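A.B. asks: any chance you can model this:
(chains A and B)
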Amino acid sequence: MAAMARSWATKPHIGLWAIGFWLVLAALPLIGFVTESPSFEYYLFMGQSMLIYAIAVLGLNLLIGFNGQISLGHSAFFAVGAYAAAILMVHASVPYWLAIPLAGIVCFGAGFLFGFPALKLEGHYLALATFTLAIAVPQLLKHKSIAGWTGGVGGVLLDKPDPPAFLPLSVDQFLYYVCLIVAMALFWIVYNLLRGRSGRAMMAIRDHAMAAGTMGIDTALYKTMTFGVSAAITGMAGALSAITVAYVAPDSFTLQLSISFLVGLVVGGIASLPGCLIGGAFIVLVQNSSQSISDWMKDAFSLRYDVPAWAIYGTLLLLLMFFLPNGLAGGITAIRGLFSRATQKT
Amino acid sequence: MLRRRTALLSAAAATFAVPARAEKKYGPGVTDTEIKIGQTMPYSGNASAYGVAGRLHAAYFRMLNETQGGINGRKINFISLDDGYSPPKTMELTRQLVERDQVLLMFYPLGTQTNTAIHKYMNQKKVPHLFLATGASKWGDPKNFPWTMGWQPDYHTECKIFGKHIVANHKDAKIAILRQNDDMGNDYLSGFKEGLGAGWEKMVVADATYEVTDPTVDSQILQIKNSGATLFMNITTPKFSAQSIKKVAEIGWKPIHYLVSVGASVGAVMRPAGIENAQGIVTAQFAKDVTDPRWATAPDYLEWKAFMDKWNPTANQLEGSNVSSYISVHGLVHVLKKCGDDLSRENIMRQAANIKDLEIPLLLPGIKVNTSPTNFYPIRAEQLARFEGDHWTLFGDLISADAG
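C.D. replies: The predicted structure follows:
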């Protein structure tokens, strides 16, 4: 795992690939100008969701993959980010582009504060502590004392921002670009963070905390900071989600969401930046396609009963973990390795 | 197009009384052989128990397709997707159904928060958003949301009926409320407040809440008993209704007991709570209770039973959702039949907003479905019922929201 992290985070020539890849992502909405398909806007909406989940997984990856702290509670930070953005936009008329970083700051605070007690906890104890966070936050959001802000169980409805007048874009094209720009900025920040001194410190703590401490790294500070930054990134994903769905409600942020992030992280590849994007796409695509596979199986084998979609999802996950234990990004690296070895022989 | 319509109009005018046969007009998702209908439903997650409604609809449309060739010769292609009760997922799936799969309309999507998420979208896209499976009172707002229509009597109205009944019959009661801390509980509460009117300040002595994720409500029951209340307004969902009825009996408390219709299933609540503990409880109903022996020979009950046995054999027939969803699917079939060959989205809404005295199997005798362009609440009447022996006995007259 550590070797892989190094290969992705510190490889010198990865820049060109990354730039090319982001350019392709940026070009996708332009298809809208040539296609007449009514589904196109829907695909853009899917694209927004994938980018949002990718950002959330990036936040989680920073914590788990690069710093070795486990969290089952990132749906809570996602929720706090979403609510912060919604409340700022509705009650304080803050523009969307300002609400996103502000939501990030709020979540940084929440994550940093939670990071202190988390210092005392390691491994599965930390997993349990963060688990409570995921369960408690949706309940707290409904609480009477803040219902004036959060809308209680009814949630908060907000307006999707209109594209600026000088851009000839539809709302969905525009929101896709908003998500893409935030994603690019955050991936760039994390990439640089990991290549620098802080990144090396974070990974050193992950690999051997005591040794890192002996080397003079302030482990407590780095761990709480990482928790804060991780929460901030996931919180900004939450803010984007509030803007693209135009509605936040307590039921949106269940423990299931935390598990989805974790699944995206593991499937994409722990401690891999491109893996975050793969994980984000996986979360959106595979849950939907397991439903389609279930329908297809019912038709194809003329079954009388439904094949539960979640059982198919589970089976897919098992197969993936069995054949690609390092996630899809890890699998790609392995295949490239095989390839280059084969070419060297000849 | 314009010229053809003028021609048709003048032809119709020329023949006076003979109505012009509507030309075929299709909205998205409709062909000569098929009508595509979308739905979101919590098949997984916290609210997965409600998924029975979607399964019943799928079974009903399969029955229609195989025995009657669909509706007016068009088979129903019913796509019901699992949103796990999560509003963003509902949004995503609804966009998939509307934009990619091109459904004609959305039918009976379940949940208040989930429907809130798509409310504006459906109206911006002008897609019929029909007969929602939620009792919130905000769905009948044709002025601001002309493409959305509710279905069942809303929670607000029901509890208003209770409030009025209490003021009229037990004006000296001290009331204790137990309610679920969510949109349903809040809606019920606001209706109750309105029904009690001035009595609210005077009569209510305790108001306890629980979370849908709580394991029990035992401590809340003890708490409200100790408030000295003589009347118990029970605003709970089935699991908690059964628990509270049992606990009230266990601690020897004997209040006058009102129970909301959501928690009034004989199979899922009264029997598990103990028939002897449930005697005398008052609720309100709009549908027949299929466990009530009185309906055992009613033709609509027999028809429902035959359908359930043959087409939906895996369902638990004691679950109330199997009745309410059966009733709702009849509403949609009525609208589609009325549309004839004009299956445009505009005509769907026009027909849905012009239902006159429609009688639907399993509705209580006397309850008819009525809508108009200014009235988007299809079912508005309920009748009070008291639990006697092992079933609900109706008493009093039908109480409609308009009169209330």
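
A.B. asks: so which residues on the stretch 201-346 of chain A come close to chain B?
C.D. replies: Selection of the stretch 201-346 of chain A residues close to chain B by Cβ under 8 Å from any Cβ of the partner chain yields A:241, A:245-252, A:254, A:256-257, A:284, A:288, A:291, A:305, A:309-310. (C-beta placed from N, C-alpha, C; glycine too.)

A.B. asks: and the residues you listed, which are buried?
C.D. replies: Taking 16 or more other Cβ atoms under 10 Å in any protein chain shown as the criterion, what is buried in these is A:241, A:245-252, A:254, A:256-257, A:284, A:288, A:291, A:309-310.

A.B. asks: mind checking how far stretch B:365-379 is from the chain centre?
C.D. replies: In terms of Cα atoms, centre = their mean, to the nearest Å, the centre of stretch B:365-379 is set 13 Å apart from its chain centre.

A.B. asks: let me see the mean pLDDT of it.
C.D. replies: Model confidence over stretch B:365-379 averages 92 on the pLDDT scale.

A.B. asks: distance between the ends of it?
C.D. replies: Start and end residues of stretch B:365-379 are separated by 13 Å (Cα to Cα, to the nearest Å).

A.B. asks: mind listing what's buried along that stretch?
C.D. replies: Neighbour counts over stretch B:365-379 (16+ other Cβ under 10 Å) mark B:367, B:368, B:369, B:370, B:371, B:376, B:377, B:378, B:379 as buried.

A.B. asks: got it, and stretch A:142-158?
C.D. replies: A:142, A:150, A:151, A:152, A:153, A:154, A:155, A:156, A:157, A:158.

A.B. asks: next: stretch B:297-309.
C.D. replies: Going by neighbour count (16+ other Cβ under 10 Å), the buried part of stretch B:297-309 is B:298, B:300, B:301, B:304, B:307, B:308.

A.B. asks: that one near chain A anywhere?
C.D. replies: No - for stretch B:297-309, no contact with chain A is found by Cβ under 8 Å from any Cβ; the gap never falls below 14.3 Å.

A.B. asks: from residue A:200, how far off is residue B:57?
C.D. replies: 58 Å (Cβ to Cβ, to the nearest Å).

A.B. asks: so for the two, which sits in the more crowded spot?
C.D. replies: More neighbours surround residue B:57 than the other of residue B:57 and residue A:200, with 24 against 15 (other Cβ atoms under 10 Å in any protein chain shown).

A.B. asks: leaving out the residues flanking it, which one is nearest to the more buried one?
C.D. replies: residue B:329 (5.4 Å; Cβ to Cβ, 6 or more residues apart in numbering or on different chains).

A.B. asks: and if you look at residue B:103?
C.D. replies: According to Cβ to Cβ, 6+ apart, the nearest residue to residue B:103 is residue B:38 (3.6 Å).

A.B. asks: quick one: what helix or strand has that neighbour in it?
C.D. replies: In the assignment (DSSP states H and E), residue B:38 maps to strand B:34-41.

A.B. asks: just to revisit the earlier point, which ones among the buried residues of stretch B:297-309 lie within helices?
C.D. replies: Taking DSSP state H as the definition of helices, these contribute B:300, B:301, B:304, B:307, B:308.

A.B. asks: quick one: which two of those are the most distant?
C.D. replies: Pairwise distances among these were taken by Cβ to Cβ; the largest, 12.5 Å, belongs to B:300 and B:308.

A.B. asks: what is the end-to-end distance of stretch B:334-349?
C.D. replies: Note: stretch B:334-349 ends 12 Å apart using Cα to Cα.

A.B. asks: go through that stretch and flag the buried ones.
C.D. replies: B:334-336, B:338-339, B:341-345, B:347-349.

A.B. asks: which one among those gets closest to chain A?
C.D. replies: Within these, distances to chain A taken as Cβ to the nearest Cβ reach their minimum at residue B:345, with 14.0 Å.

A.B. asks: average pLDDT for the strand holding residue B:38?
C.D. replies: Here the average pLDDT along strand B:34-41 is 96.

A.B. asks: contacting residues around it?
C.D. replies: B:28-30, B:50-51, B:53-54, B:57, B:61, B:70-71, B:74-83, B:90, B:93-94, B:97-98, B:101-110, B:114, B:332, B:336, B:343 (Cβ atoms under 8 Å, 6 or more residues apart in numbering or on different chains).

A.B. asks: okay, and which of those map to strands?
C.D. replies: Per DSSP state E, strands hold the following members of the contacts of strand B:34-41: B:75, B:76, B:77, B:78, B:79, B:80, B:81, B:82, B:105, B:106, B:107, B:343.

A.B. asks: from these, which are also near chain A?
C.D. replies: Applying Cβ under 8 Å from any Cβ, the subset of the ones in strands among the contacts of strand B:34-41 adjacent to chain A comprises B:81, B:82.

A.B. asks: domains of chain B?
C.D. replies: The record assigns chain B these domain ranges, following automatic domain parsing: B:23-153+B:298-373, B:155-285+B:384-400.

A.B. asks: let's have those domains in TSV, adding distance to residue A:344.
C.D. replies: What follows is the domains of chain B, written out as TSV (distance: least, Cβ to Cβ, whole Å):
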stretch	distance to residue A:344
domain B:23-153+B:298-373	46
domain B:155-285+B:384-400	58
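
A.B. asks: quick one: which of those domains is nearest residue A:113?
C.D. replies: Per Cβ to Cβ, nearest to residue A:113 of the domains of chain B: domain B:155-285+B:384-400, 24.8 Å.

A.B. asks: tally of neighbours for residue A:188?
C.D. replies: Neighbour number of residue A:188 under other Cβ under 10 Å is 12.

A.B. asks: give me the most central residue, chain A.
C.D. replies: residue A:56 (2.0 Å; Cα atoms, centre = their mean).

A.B. asks: hmm, I typed the wrong one, I wanted chain B.
C.D. replies: Note: chain B centre (Cα atoms, centre = their mean) maps to residue B:152, 3.4 Å.

A.B. asks: could you report the pLDDT at it?
C.D. replies: Note for residue B:152: predicted pLDDT of 89.

A.B. asks: can you show me the strands along the stretch 301-404 of chain B?
C.D. replies: Shown for the stretch 301-404 of chain B, the strands assigned by DSSP state E, counting those that start in this stretch span residues B:342-343, B:381-388, B:391-394, B:399-400.

A.B. asks: quickly, which of the ones you listed bottoms out on average pLDDT?
C.D. replies: Among those, strand B:399-400 scores lowest, with a mean of 80.

A.B. asks: show me which of the buried residues of stretch A:142-158 neighbour chain B.
C.D. replies: Restricting the buried residues of stretch A:142-158 to those near chain B by Cβ under 8 Å from any Cβ leaves A:142, A:152, A:153, A:154, A:155, A:157.

A.B. asks: those in strands, which ones?
C.D. replies: The strands, defined by DSSP E, take in residue A:157 from those.

A.B. asks: of the ones next to chain B among the buried residues of stretch A:142-158, closest to residue B:353?
C.D. replies: Distances from residue B:353 to those, taken as Cβ to Cβ, are shortest for residue A:157 (24.7 Å).

A.B. asks: from what I can see that closest one touches residue A:247, true?
C.D. replies: Yes - the criterion here is Cβ atoms under 8 Å, and residue A:157 meets it with residue A:247 at 5.4 Å.

A.B. asks: overlap in contacts of these two?
C.D. replies: Common neighbours of residue A:157 and residue A:247, using Cβ under 8 Å, 6+ apart, are residue B:116.

A.B. asks: show the average pLDDT along stretch B:252-270.
C.D. replies: 90.

A.B. asks: next one: stretch B:214-222
C.D. replies: 92.

A.B. asks: buried sites along that stretch?
C.D. replies: B:214, B:217, B:220, B:221.

A.B. asks: also stretch B:124-141?
C.D. replies: B:127-140.

A.B. asks: next step: those residues restricted to strands.
C.D. replies: B:129, B:130.

A.B. asks: which ones are touching residue 156?
C.D. replies: No chain in the question, so chain A it is. With contacts defined as Cβ under 8 Å, 6+ apart, residue A:156 is in contact with A:83, A:86, A:87, A:90, A:150, A:242, A:247, A:248, A:249.

A.B. asks: look at chain B instead
C.D. replies: B:137, B:187, B:188, B:190, B:191, B:194.

A.B. asks: having no further points to raise, I will conclude here.
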